[in-house]
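In: Requesting a structural model of the entry that follows:
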Amino acid sequence: MRQIEATYCYGRLSFDNLSIAFVDHHCWIEIGRPADADRQVIDLPCDQADGFGERVIYRRHGELARTPPSPYASSWR
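Out: Okay, the predicted model is just below:
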């Protein structure tokens, strides 16, 4: 049987676009090993990130981290 590694993450969500509000206390789910850039980020920022148009984020962590700083800065996992 194949195991899926899912991790609850807590930290800061930030954006390059300064018109979008940062979220200092934010939670999301990552699917995959922590060191794997291909792990998936699943997030529902629509109620917290004022000015951000996406209601659901489902992307590879490496894709999100291409433009430093990474929008997902985990304080703990």
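In: Surely residue 73 is in contact with residue 15?
Out: No: with contact defined as Cβ atoms under 8 Å, residue 73 does not count as touching residue 15 (11.8 Å). To be clear about C-beta, it is placed using only N, CA and C from the backbone, and glycine gets the same treatment.
In: Neighbour count: those two, which is higher?
Out: residue 15 (17 against 12; other Cβ atoms under 10 Å).
In: ok, that one touching residue 71?
Out: Yes: counting by Cβ under 8 Å, residue 15 sits close enough to residue 71 to count as a contact (6.0 Å).
In: Run me through the strand neighbours of the helix or strand bottoming out on mean pLDDT in the chain, direction for each.
Out: Ranked by mean pLDDT, DSSP states H and E, the helix or strand of the chain with the weakest confidence is strand 72-76, at a mean of 79. Strand pairing for strand 72-76, determined by DSSP bridges: strand 6-13 (antiparallel).
In: hey, where'd the helices end up in this structure?
Out: All helices of the chain, identified by DSSP state H, fall at 61-64.
In: what stretches of it score poorly on pLDDT?
Out: For the chain, residues meeting the criterion pLDDT under 70 lie at 1, 46, 67-70.
In: one more time with 90, if that's ok
Out: Regions of the chain meeting the criterion pLDDT under 90 cover residues 1-5, 11-26, 33-37, 44-57, 59, 61-77.
In: Just the strands from it, written as ranges.
Out: The residue ranges that make up the strands of the chain, judged by DSSP state E, are 6-13, 23-31, 40-43, 57-60, 72-76.
In: Alright, that wraps it up for me.
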